[in-house]
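**Q** Below are the sequence and a predicted model for it; my questions follow.
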Amino acid sequence: MQCPGLDAMAKTVPHLAVGITSLTLVALAAPVSAGDCMRSGAGPQAVEGRISILEATDAADRPETALILAPSSPTCLEAESAEESVGEAESVHVFSSDARIHERLQGAVGETILVWGEPFAAHTAHHHAPIVMDVSRIGPE
């Protein structure tokens, strides 16, 4: 990957350029931390928070149960369009397409957990937080 500013810096301060490149690679592999935005469509990402149950109703007034993760500090979601981007959010609606992982999420209610998955913006009446995540993994990398 070409980066003219970094290339010029490497000629004058080679060890600094290597350090910046290494730091960038580590940052890209790290879970989302306080104040960082998740990115829609960018593959699995991690967020940590306390999980709880929300009892709600859908548009037809039928009861629904949602698993809500409250990050330790607000998070956000960047997307290609403004409609799919989410500013500061204090909750993430989590679920899993994998029944075994969904059971583990339900069993973790009341706990602080690290989840990995694909985040996207809420877009139906069944989504009960501004950001929704299909969880593919629970726990550290």
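**A** Arrived safely. Residues are numbered from 1 along each chain as shown.
**Q** so where is this protein shaky, pLDDT-wise?
**A** 1-35, 141 (pLDDT under 70).
**Q** could you pull out the helices for it?
**A** Counting by DSSP state H, one finds helices in the chain at the ranges 4-12, 14-29, 99-107.
**Q** Walk me through the domains of the chain.
**A** Domains of the chain are assigned by automatic domain parsing as 1-30, 37-138.
**Q** winner for burial among the ones you listed?
**A** Most buried of the domains of the chain by mean neighbour count (mean count of other Cβ atoms under 10 Å) is domain 37-138; its value is a mean of 16. Where you see a C-beta, it was placed from the backbone N, CA and C, and this is true even at glycine.
**Q** Quick one: end-to-end distance for that one.
**A** Distance between the boundary residues of domain 37-138 (Cα to Cα, to the nearest Å) amounts to 19 Å.
**Q** Report the spatially nearest residue to residue 106, omitting neighbours in sequence.
**A** residue 67 (6.8 Å; Cβ to Cβ, 6 or more residues apart in numbering).
**Q** same thing with residue 98?
**A** residue 136 (7.0 Å).
**Q** got the contact list for that neighbour?
**A** 44, 96, 98, 101, 116-118 (Cβ atoms under 8 Å, 6 or more residues apart in numbering).
**Q** got it, and residue 69?
**A** Residues near residue 69 by Cβ under 8 Å, 6+ apart: 47, 49-51, 91-94, 113, 115, 133.
**Q** Residue 63: which of those is nearest?
**A** Closest to residue 63 out of the contacts of residue 69 is residue 93 (15.9 Å), distances taken as Cβ to Cβ.
**Q** Check the gap between the residue nearest to residue 98 and residue 83 for me.
**A** Counting by Cβ to Cβ, to the nearest Å, the gap between residue 136 and residue 83 amounts to 25 Å.
**Q** From residue 83, how far out is residue 97?
**A** 24 Å.
**Q** Having no further points to raise, I will conclude here.
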